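[1] Requesting a structural model of the entry that follows:
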Amino acid sequence: MKRATLLMGLFAMLVAVCGTCGTARAGDGTPIPGCFNPLYPPSLIPMWSIVTDTGTTECFVGLLPAAASTTVVLTPLIPVIVILDNSDGPPTVSDPTKPLHINPTKHPSWSAFDVTAASPIFATHDYTLGRTNLGTLQYGEMTERASFWKFPGLKLDKWFVELGLWPFSPAVTLEVPSGKWGLMNGEADGYWVDATIMGNFLVAQASKTPDVLPIFLTYNIGTYEGTIQKPSNLTLGDHEPYVTPNGLTSFYIWSSYMDPPNSRVDVLGLSHEVAEFLHDPFLTNHVRSYPAPGTFLNGKPWDPPYSYTQCAELLEVGDATADRKDSEIQIPIDTSIMTYHVQNVATASWFMQASPSFSVNGWYTLRGKIDGEFGETAPLCIPPG
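    Down below sits the predicted model:
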């Protein structure tokens, strides 16, 4: 490889206490190597932390960005063939290894797997945000660089966190019983699958390779909670930690490649999950509560009075912008293969109440303000009722 690399697992873990209580605020935060989480045992993946001025510690993926280094997270891309059983006929099959239904490339035989493996998730691209050139990077490491670009004590211009693709991972098959799936109304030719069935399947598959970060790829598949007659919590991806039989913490990512006209077209959903994994791997980076995206009843934070139904408190960079219009959250990336779409995520400064922002260009998203929102830090959420 063109960079000096540190393979996952070949390092000495430097440990720091990582709490989950309190309110994260950047202020005089201290960057430290390593991360020990009281809710999870250690991970083989290198972590670094920021101890905030309220005593909370936030954990991120990679070696401490205080000197030139490269962390490689070994990442098999695993196609998931989904067989949807029909009670009155042959099953419906969604296969990410077969040719795309709607193909935006110059390669007519390419599949969702092929297009994803060649995407900015794994291939590098020269990223310039505003007037700042961040370097030639994978999308995920770009988001982490952008978040902490001006954080005191950090040097990110020669710091990398790479997803080391294993492109030849065999496909796995998930069979979904009749009554546990349904059609995505008005969204391409996709299907909703019971979230419990999907979740149990993914944990079982991930546990077979606990020393790597598998990305499970489905094609035009999402999950629902509740019943298919009254579905809730619809999602097109997830990132999760889990404890392995040998007492370590490992992780997996699941996402769907989506055909248009779905608003999370091609790899946008996967970019969402990758950025969130890098910024909140254990799902324990608690910050000051803010109004949960997608729960506003009227108005928005830039146009008071506004109301909402839920608060959120995790540093989930993709969720914060997920209720915005397609044109506001999509970042087109032109390549020789096709125009990909990755997500404009919120930066760590927005969640961690940093004013001024320590993120790239002093922004609170990768593209700065969205309408009147994200010009300041996350608004305070007062729990409804």
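
[2] CA atoms for contacts and neighbours, from now on please.
    Noted.

[3] What are the neighbouring residues in contact with the residue nearest to the spatial centre of the chain?
    Nearest to the mean C-alpha position of the chain, by C-alpha atoms, centre = their mean, lies residue 273 at 1.8 Å. When contacts are counted by C-alpha atoms under 8 Å, 6 or more residues apart in numbering, residue 273 touches 237, 238, 239, 253, 254, 255, 318.

[4] what's the answer for residue 117, then?
    Contacts of residue 117 (C-alpha under 8 Å, 6+ apart): 77, 165, 167.

[5] From these, which land in strands?
    Among those, DSSP state E puts 77, 165 in strands.

[6] The contacts of residue 117 into a markdown table, with extra columns for pLDDT, distance to residue 330 and neighbour count?
    Formatted as a markdown table, the contacts of residue 117 follow (pLDDT from 0 to 100; distance: C-alpha to C-alpha, whole Å; neighbours: other C-alpha atoms under 10 Å):
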| residue | pLDDT | distance to residue 330 | neighbour count |
| --- | --- | --- | --- |
| 77 | 97 | 23 | 24 |
| 165 | 95 | 24 | 20 |
| 167 | 75 | 26 | 15 |
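
[7] Quick check: end-to-end length of stretch 36-43?
    End-to-end span of stretch 36-43 (C-alpha to C-alpha, to the nearest Å): 9 Å.

[8] actually stretch 236-249, not the one I wrote
    24 Å.

[9] Could you do stretch 292-312 as well?
    End to end - C-alpha to C-alpha - stretch 292-312 spans 5 Å.

[10] quick one: buried residues of it?
    292, 293, 296, 300, 301, 307, 308, 309, 310, 311, 312 (16 or more other C-alpha atoms under 10 Å).

[11] which stretches of the chain form helices?
    112-117, 139-147, 195-206, 268-279, 326-329, 348-351 (DSSP state H).

[12] Just give me the lowest mean pLDDT stretch among those helices.
    Looking at the helices of the chain, the lowest mean pLDDT belongs to helix 326-329 (a mean of 88).

[13] circling back: mind picking the one among the buried residues of stretch 292-312 that's closest to residue 48?
    residue 312 (23.5 Å; C-alpha to C-alpha).

[14] Please verify my assumption that the closest one contacts residue 289.
    Yes: assessed by C-alpha atoms under 8 Å, residue 312 is found in contact with residue 289 at 5.5 Å.

[15] Residue 112 and residue 172, how far apart?
    15 Å.
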